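>>> next comes the sequence, and after it the predicted model I'd like to discuss.
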Amino acid sequence: MSEVTRVPLQPIEKGSVGKIWLGVAAALLIGIGGAWAVHPRGLRVETISEGSGEMPGATDVVLVNYVGKLANGKEFDRGEKAVIPLESVVPGFRKGLMQMKKGGKYRLEIPSSEAYGDQDQRDPRTGEVAIPANSDIVFEVELTNFMSAQQFQAMQQMMQMQQMGQGGPGGPGGPEGMGEVPPPPAHGKP
């Protein structure tokens, strides 16, 4: 059998064990901090001014004023009295609106995983990239009103009948509800 080279172990200096454990703890904290930094963040909803009443549901149609920006502050979209079906928007925008009350103003910070992910979004007017892939987005949103999708469809049908000269409930001012309904935003959907 072969003989193993023997190296005598030196005794550890007094206080060195504490330094070793301190080093191990520091390495763990650095590792945890690095993992936390790359851990995906979720949707953040900040109340600017509280609304009142109920909140919209996932299938409702909302009437909002909004400004959409990239995380660096560059504006990519804006809408006044925009009529938006919640089923047609990115998950983070929908989840954020479902936490808002009518009449309130809110700031939504939406991570790219709940926005457009790894897909560039182009401005339909210019064809330029408006929202680069993997971008976090921020919206300031004022929720002025909302209604169910069924109520909205009924209101649209009544307005079409009025435009065709058939009249309908509500007289010249049209049906009660969201007011004059403009078309959805031309810049794409939030």
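Everything's here; your move.

>>> a helix runs through residue 23, doesn't it?
Yes. Using DSSP: H, G, I helix; E, B strand; the rest coil, the assignment for residue 23 is a helix.

>>> ok, it to residue 30 distance?
11 Å (CB to CB, to the nearest Å). Where C-beta positions appear, they are placed from N, C-alpha and C, glycine not excepted.

>>> neighbours around the residue nearest to residue 90 when sequence neighbours are not counted, how many?
Among residues not flanking residue 90 along the chain, residue 115 sits closest, at 5.0 Å (CB to CB, 6 or more residues apart in numbering). When neighbours are defined as other CB atoms under 10 Å, residue 115 has 24 of them.

>>> specify the beta-bridge partners of residue 143.
residue 64 (DSSP bridges).

>>> and it, what does it touch?
51, 56, 62-64, 97, 100-106 (CB atoms under 8 Å, 6 or more residues apart in numbering).

>>> which element is residue 153 on?
In the assignment (DSSP states H and E), residue 153 maps to helix 149-163.

>>> now swap in residue 79 and tell me
Per DSSP H and E: strand 75-85 holds residue 79.

>>> list the contacts of the helix or strand following that strand.
The element immediately downstream of strand 75-85 (helix or strand, assigned by DSSP H and E) is helix 91-97. Helix 91-97 is contacted from outside by 43, 45, 56, 58, 62, 64, 86-87, 89, 106, 108, 110-111, 114-115, 137, 139, 141, 143, 190, using CB under 8 Å, 6+ apart.

>>> and if you look at stretch 46-55?
So stretch 46-55 is contacted by 98-109, 140, 143 (CB under 8 Å, 6+ apart).

>>> neighbour-wise, which one of those leads?
Among these, residue 108 has the most neighbours (other CB under 10 Å), with 25 neighbours.

>>> low pLDDT regions in this protein?
Along the chain, segments meeting pLDDT under 70 span 1-5, 7-12, 14-17, 33-40, 166-190.
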